[in-house]
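# This is the structure alone, sequence omitted:
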């Protein structure tokens, strides 16, 4: 079964944090008091999404065959 989920991540800290997408090792800086839209797609029978929060970063782990995209103000961040 294919899943497509959209969620918003807001950095409410007073400093920027790093958003990391694994297993692709993609890194994005999320400025203080800003937000990004994250879209996750994939076959839910092959895995699940895991999110790990640390002091200065958030790591989102995809699974085999999944796709994670990050958008800022409606534009895909590359």
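Thanks, I have it. Please read all numbers here as calculations on a predicted model, not as lab measurements.

# Which strand residues bridge the closest residue to residue 57 other than its chain neighbours?
Closest residue to residue 57 apart from its sequence neighbours, by C-beta to C-beta, 6 or more residues apart in numbering: residue 18 at 4.2 Å. Where you see a C-beta, it was placed from the backbone N, CA and C, and this is true even at glycine. Residue 18 has these beta-bridge partners by DSSP bridges: residue 29, residue 57.

# Please, which helix or strand holds residue 7?
strand 2-11 (DSSP states H and E).

# one step back: what's the burial count for the residue nearest to residue 57?
13 (other C-beta atoms under 10 Å).

# go on, residue 12?
Applying other C-beta under 10 Å, we find 9 residues neighbouring residue 12.

# can you map out the helices along the chain?
Assigned by DSSP state H, the helices in the chain number zero.

# how much space between the closest residue to residue 13 other than its chain neighbours and residue 72?
Leaving aside its sequence neighbours, residue 13 sits nearest to residue 32 (C-beta to C-beta, 6+ apart; 6.0 Å). Separation of residue 32 from residue 72 (C-beta to C-beta, to the nearest Å): 14 Å.

# For those two, indicate the residue with more neighbours.
Between residue 32 and residue 72, residue 72 has the larger neighbour count (other C-beta under 10 Å), namely 14 against 11.

# who touches that one in this structure?
By C-beta atoms under 8 Å, 6 or more residues apart in numbering, the contact list for residue 72 reads 34, 36, 37.

# let's see it at 6 Å
residue 36 (C-beta atoms under 6 Å, 6 or more residues apart in numbering).

# Looking at it now. What's its pLDDT?
At residue 72, the model reports a pLDDT of 95.

# rewinding a little: could you list every helix and strand in contact with the strand holding residue 7?
strand 34-43 (3 or more C-beta pairs under 6 Å, 6 or more residues apart in numbering; DSSP states H and E).

# Pairing partners for the strand it packs on, with directions?
strand 2-11 (antiparallel), strand 67-72 (antiparallel).
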